[in-house]
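K.L.:
what follows is a predicted protein model with its sequence.
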Amino acid sequence: KIRILNCKGSNFVNKEKARNLLTLINEYNANPFQKLECRMLRGDSILHDRFVVSDQSVWYLGSSFSEFGNRATCIARVPKASDTEILKEIENWYFNRQAEYSQGIEEYVNNSEADD
């Protein structure tokens, strides 16, 4: 599974971008054996779009994902002493306390309230 945890709002992923992302996710997931999930953080967050978690390792990107591939950047593994805390927070936001910290992208897109 690939899981995306993103920030919402006009400065990050607004409703229009979220609708486009949801369409792409649904198209991707229509293929056999594909499973891509996306949740949007509620309110302000200390998380920025520069972490990649793979096999319980955390990697930090020097540029935003929106700039990735457009200019030089670096990627570095976060030391084990720090990545444990980062993983714990991400798991809280995505799984353990998801109703408090995040919402599914479908819920965000279909919510009739104004952009956050």
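P.N.:
Structure's in. What do you need? Numbering: from 1, shown residues only.
K.L.:
every contact and neighbour count from this point should use C-alpha atoms.
P.N.:
Noted.
K.L.:
so, low pLDDT: which residues of this protein?
P.N.:
9-11, 44-49, 112-116 (pLDDT under 70).
K.L.:
regarding it, what is its longest helix?
P.N.:
Among all segments of the chain classified by DSSP state H, the helix with the greatest residue count is helix 15-29.
K.L.:
buried set for that one?
P.N.:
Residues 15, 18, 19, 21, 22, 25 are the ones in helix 15-29 that count as buried (16 or more other Cα atoms under 10 Å).
K.L.:
pull the distance from it to the chain's centre.
P.N.:
The chain centroid and the centroid of helix 15-29 are separated by 13 Å under Cα atoms, centre = their mean, to the nearest Å.
K.L.:
now find how far off-centre the next helix or strand after that helix is within its chain.
P.N.:
Secondary structure here is assigned by DSSP states H and E; on that basis, the next helix or strand after helix 15-29 toward the C-terminus is strand 36-41. In terms of Cα atoms, centre = their mean, the centre of strand 36-41 is found 6 Å from the chain centre.
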